[in-house]
Structure formats: structure tokens, C-alpha cells
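A.B. asks: I would like to see how this sequence folds:
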Amino acid sequence: MQRLRIPTLLSAFLTLLNDRLSESIVFPLLPFLLARFAPDGRTLGLLAGSYALAQFLVTPLIGALSDRHGRRPVIAICVAGSVVGLGLFALTISLPWSEGASIPLLLLFAARIIDGISGGTAATAGAVLADISPPERRARAFGLIGVAFGLGFIAGPFLGGRLAGINVSLPVWVATGFAMLNLAVVLSLLPETHPLEARRTLPDRRALNPFARIGSVMSQVSVGRLCTSFFLFFLAFNGFTAILVLYFKQSFNWGPELATTAFLVVGVVATVVQGGLIGPLVKRFGEWRLTLLGLGLVIAGCLMIPVLGSADQPGTIFLAVGILAFGTGLVTPSLRSLVSRRLGEEGQGAALGSLQALQSLGSFLGPPLAGLSYDLIGPTSPFAGAGLLLLIVIALVAGSPLPMRQENSFSSS
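C.D. replies: Prediction:
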């Protein structure tokens with residue numbers, strides 16, 4: 001088993017890295033990749049949201065299939081799907097289509113949906129790490145997830161911006177090549193880690209229905225308000241970040257390198273906060289206070305961009321996105337923890353899985369709504385809309401504090 005551990009860890013790590021890297025390379029470049037097909041906010045929002053919708057609908061099934069048929073075939077099929085989706089996207093934007101052709105847009109949407117359907121690799125790779133690690137060493141193994149995600153969030157925008165300076169389609173081809181490398185490693189090195197005796201039958205349709213999972217946790221009085229907060233936060237955050245680069249491109253005339261640098265700042269700050277600062281900060285201040293502080297920082301960063309940002313002062317923009325990234329790094333784990341602590345020891349897995357579904361639903365609905373607002377009301381309207389939604393989130397969280405005894409005992413521990 002020890003001899004198989006290194007190839008298994010390498011396969012899981014590359015799968016996790018590919019999951020984040022491919023998305024963080026492509027997402028910040030979408031306005032530039034779409035420019036000759038549909039430069040409007042609505043199409044951009046729908047394209048960004050289609051990926052999240054596919055993930056939202058299929059991720060529960062992918063997890064169940066890995067429990068039933070094993071980790072290796074599910075990861076291999078998902079990574080192969082990522083190769084197909086990215087490859088189709090890269091090929092579509094590289095071909096010389098005639099002006100006004102509708103086929104390339106259909107192919108781009110198909111590519112993003114295929115890639116989204118294949119996006120269950122992170123959860124399955126995490127299951128591989130759990131399979132090969134005893135409980136006392138599982139936290140260390142799960143540290144690979146944070147390392148891979150942090151590296152992906154930083155390397156993706158960096159590579160995307162630099163490669164796009166050579167050719168705007170080159171980053172997508174590089175992402176496709178990395179997915180192919182990931183697939184080769186999985187097929188050649190990854191053993192099956194889920195033994196036959198541990199296999200489970202597929203659950204019923206209700207258990208695989210993400211809307212049913214959301215309904216079950218939202219109906220619980222103790223966490224309903226917090227879960228609503230979680231959904232609205234990701235609705236707002238993913239909405240204005242989806243049109244952020246389009247705003248930079250059209251309002252400031254920024255090219256791919258400057259625009260993706262903003263996402264590089266987000267990756268660095270979020271990695272530092274969630275990788276090292278969040279633990280000591282939670283011990284000192286508690287999740288409830290950190291959630292409120294983080295929401296305030298996100299609002300400040302969001303509103304600084306249209307109010308103070310200018311084409312000739314990118315430093316102000318990078319400061320603003322750094323502030324909102326710091327706030328997001330506080331809100332996401334703290335709000336999850338608030339829900340978890342409210343539930344006690346029962347129903348943790350189902351509830352936290354429902355939070356993931358709420359996050360995916362918000363990630364699907366936010367970009368199209370922001371894109372529609374961008375086109376119909378004005379380029380700064382998604383920022384104002386996000387600020388208003390986040391104020392509602394603050395009101396919901398402020399009305400749902402932990403009992404003083406729990407908050408104090410945790411903060412002083």
C-alpha cells in the first residue's frame with residue numbers, strides 16, 4: 001500500500017490542480033475569447049453560468065457513482081470530459097468563423113457544459129485521499145486540496161494573462177494539454193482505492209436531486225437564515241466577478257494581461273487568508289464576527305472598483321480586488337462553520353453537501369443576472385446590485401449569532 005501511495009497522491013494532486021487551473025485560466029479571459037462572437041454582458045453571463053449549472057445538476061450523481069463503481073473509472077471519465085470540453089472550446093475560438101455565425105456560440109456553450117458536467121473531479125479526488133489515509137492522518141492528506149487549489153488560483157490567471165499576450169486562444173490550448181497530461185497520469189498511475197466490499201448501491205432519485213437536498217436543509221429553522229445568506233452571498237459575488245473583466249475591458253480598455261492580474265491578486269490573497277490566517281483569526285474573533293467583517297470588506301472592495309477605479313491607476317483596482325478577496329476568504333469558511341456548529345453532530349454531511357449545492361446554484365444564477373443588468377441598466381449596476389444583496393446577507397447573519405456561550409468558548413480555545 002505504501003508503494004502505491006506516491007502515485008496515488010500524485011494522481012489526486014494533478015486532478016485537483018487541473019480542476020482549478022483549467023477554470024482559472026479560462027474564466028478571466030472569457031470577455032476576450034467571446035469578443036468576436038458576442039461582446040455583450042448577457043451572453044458572457046449565460047456562458048459563465050452554464051458551467052456552474054452543469055456542475056450543480058451532476059455533482060451529486062458523480063459522487064454516488066464513485067461510491068458504487070470506484071474512484072478510478074469516475075475520475076478517468078471526468079478528466080476525459082474535461083479534455084473534450086476544453087479542446088472543443090479551444091478549437092472553436094481558433095477557427096476562422098464568418099461574421100455573425102451562430103454555430104460557434106452553440107459550440108462554446110456545449111464545451112462549457114461538457115466541462116461543467118465533468119467537474120466532479122475535486123470531490124472524487126478528495127475521496128481518494130480519504131480512502132488511502134487513516135483518520136488521524138486525513139487532515140494532512142486533505143491539505144493537498146488547499147495546496148492544489150491555491151496553486152491553481154494563482155498559476156491560472158498568471159499563465160492565462162501572459163499566454164494571451166501571444167495569442168488569445170493559446171491559454172485554452174495549454175489548459176487542454178494539461179488536462180491531457182492529467183488523464184495520462186490517472187490512466188497509468190492511479191490504482192483503485194475504493195475496495196469492492198465498501199461499494200454502495202446508488203441512492204434513490206431524491207437523494208441525487210440537488211433541489212431536494214437544498215430544500216431539506218433550508219427547512220431547518222436553526223440554519224435556514226444562514227443557508228439563505230450563503231446562497232445570496234455567492235449569487236452576488238459570482239455575479240459581479242463574472243462581468244468584472246468585461247468592465248475592465250470596456251470601461252478601462254484593459255488588455256488580457258492587466259485584467260488577469262486582478263484575478264492573480266485575488267488568488268494570492270485568498271490563498272494566504274484561507275491557507276494561514278483563517279485559523280488564528282477564528283480563534284481570536286469567532287466565526288460570526290469574522291463573517292460580518294468579511295462581508296463589510298467585500299462590499300467595500302466591490303464599490304471601490306466603479307467609484308475609485310480608473311484606467312491609468314491599476315493599483316487602485318488591485319487594492320480593491322485584494323480587499324474583496326480578503327473578505328471572501330473570511331466569509332466562506334466562517335459561514336460554513338456557523339452552519340456546521342448550529343447543526344451539532346447530526347446531519348453534517350448532508351447539510352454541508354447542501355451548502356455546496358447552494359453555492360453552485362448561486363454561481364449559476366448570479367452571472368446571467370449581472371450580465372443582463374450590465375446591458376440593460378449600465379456597466380456599474382452589477383456592483384451596486386451586489387452591494388445591496390450583501391447588505392441583506394449582513395442583516396441575515398447579524399440576526400443569527402451563535403449563543404454567547406458557544407462563541408466565547410470557541411474564541412478563547
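A.B. asks: What's the end-to-end length of stretch 203-211?
C.D. replies: 15 Å (CA to CA, to the nearest Å).
A.B. asks: Please identify the buried residues of that stretch?
C.D. replies: By 16 or more other CB atoms under 10 Å, the buried positions in stretch 203-211 come out as 208, 210. Yep, even glycine has a C-beta here, placed from its N, CA and C like the rest.
A.B. asks: can you list the residues that contact that stretch?
C.D. replies: For stretch 203-211, contacts defined as CB atoms under 8 Å, 6 or more residues apart in numbering pick out 56-57, 59-61, 64, 202, 212-213, 357, 360-361.
A.B. asks: Let's test this: mean pLDDT of it, rounded?
C.D. replies: In this model, stretch 203-211 has a mean pLDDT of 74.
A.B. asks: what does stretch 53-70 give?
C.D. replies: 82.
A.B. asks: Keeping just the C-alphas, turn that stretch into CSV.
C.D. replies: In CSV, the C-alpha atoms belonging to stretch 53-70 read as follows (Å, rounded to 0.1, in the frame of the first residue of the first chain):
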residue,chain,number,x,y,z
LEU,A,53,-25.4,24.9,-13.8
ALA,A,54,-23.9,21.7,-15.2
GLN,A,55,-21.9,21.2,-12.0
PHE,A,56,-24.9,21.9,-9.8
LEU,A,57,-27.0,19.2,-11.5
VAL,A,58,-24.4,16.5,-11.9
THR,A,59,-22.0,16.6,-9.0
PRO,A,60,-24.3,14.6,-6.6
LEU,A,61,-24.5,11.8,-9.2
ILE,A,62,-20.7,11.8,-9.8
GLY,A,63,-20.1,11.3,-6.1
ALA,A,64,-22.6,8.5,-5.9
LEU,A,65,-21.1,6.8,-9.0
SER,A,66,-17.7,6.8,-7.4
ASP,A,67,-19.1,5.1,-4.3
ARG,A,68,-20.8,2.5,-6.5
HIS,A,69,-18.2,1.8,-9.2
GLY,A,70,-14.9,3.0,-7.7
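A.B. asks: Just the buried residues of that stretch, please?
C.D. replies: Neighbour count says stretch 53-70 has 53-67, 70 buried, by 16+ other CB under 10 Å.
A.B. asks: could I get the contacts of stretch 203-211 as JSON lines with distance to L30 and secondary structure?
C.D. replies: Output for the contacts of stretch 203-211, formatted as JSON lines (distance: CB to CB, whole Å; DSSP: H, G, I helix; E, B strand; the rest coil):
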{"residue": "F56", "distance to L30": "19", "secondary structure": "helix"}
{"residue": "L57", "distance to L30": "21", "secondary structure": "helix"}
{"residue": "T59", "distance to L30": "22", "secondary structure": "helix"}
{"residue": "P60", "distance to L30": "27", "secondary structure": "helix"}
{"residue": "L61", "distance to L30": "27", "secondary structure": "helix"}
{"residue": "A64", "distance to L30": "31", "secondary structure": "helix"}
{"residue": "L202", "distance to L30": "35", "secondary structure": "coil"}
{"residue": "A212", "distance to L30": "32", "secondary structure": "helix"}
{"residue": "R213", "distance to L30": "29", "secondary structure": "helix"}
{"residue": "A357", "distance to L30": "24", "secondary structure": "helix"}
{"residue": "S360", "distance to L30": "18", "secondary structure": "helix"}
{"residue": "L361", "distance to L30": "20", "secondary structure": "helix"}
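A.B. asks: Which members of the residues you listed are the farthest-apart pair?
C.D. replies: Using CB to CB, the two most remote members of the contacts of stretch 203-211 are L202 and L361, lying 23.0 Å apart.
A.B. asks: So between those two, which is more surrounded?
C.D. replies: Shown here are L202 and L361; by other CB atoms under 10 Å, L361 has more neighbours (20 against 13).
A.B. asks: Not counting sequence-adjacent ones, nearest residue to that one?
C.D. replies: Using CB to CB, 6 or more residues apart in numbering and skipping residues adjacent in sequence, the residue nearest L361 is F56, 5.6 Å away.
A.B. asks: ok, that neighbour - contacts?
C.D. replies: 210, 357, 360-361, 363-364.
A.B. asks: Can you give me the distance of the nearest residue to R199 once chain neighbours are set aside to P382?
C.D. replies: Once flanking residues are discounted, R199 sits nearest to R68: 5.9 Å by CB to CB, 6+ apart. From R68 across to P382, the span is 41 Å (CB to CB, to the nearest Å).
A.B. asks: picking that back up, pick out whichever of the buried residues of stretch 53-70 sits closest to S169.
C.D. replies: Distance to S169, by CB to CB, is smallest for A54 among the buried residues of stretch 53-70, at 22.4 Å.
A.B. asks: My understanding was that that closest one contacts I117; is that so?
C.D. replies: Yes. A54 lies in contact with I117 (CB atoms under 8 Å); the separation is 4.7 Å.
A.B. asks: shaky segments in the stretch 201-350 of the chain?
C.D. replies: For the stretch 201-350 of the chain, applying pLDDT under 70 flags the ranges 207, 213, 216-217, 221-222, 343-350.
A.B. asks: can you rerun that using 50?
C.D. replies: The model of the stretch 201-350 of the chain has pLDDT under 50 over residues 345-348.
A.B. asks: could you pull out the helices for it?
C.D. replies: Here the stretch 201-350 of the chain has its helices, by DSSP state H, counting those that start in this stretch, at 205-208, 210-218, 224-242, 244-252, 256-272, 278-285, 287-308, 314-343, 348-376.
A.B. asks: packing partners for the fourth one?
C.D. replies: Counting contacts by 3 or more CB pairs under 8 Å, 6 or more residues apart in numbering; DSSP states H and E, helix 244-252 packs against helix 30-34, helix 256-272, helix 287-308.
A.B. asks: Now do the buried residues in it.
C.D. replies: Under the neighbour-count criterion of 16+ other CB under 10 Å, helix 244-252 has 244-249, 252 buried.
A.B. asks: Could you tell me the angle between that helix and helix 256-272?
C.D. replies: 140 degrees (axes from the mean of the first three to the mean of the last three CA atoms, to 10 degrees).
A.B. asks: likewise the longest one?
C.D. replies: Using the same axes, to 10 degrees, the direction of helix 314-343 lies 40 degrees away from that of helix 256-272.
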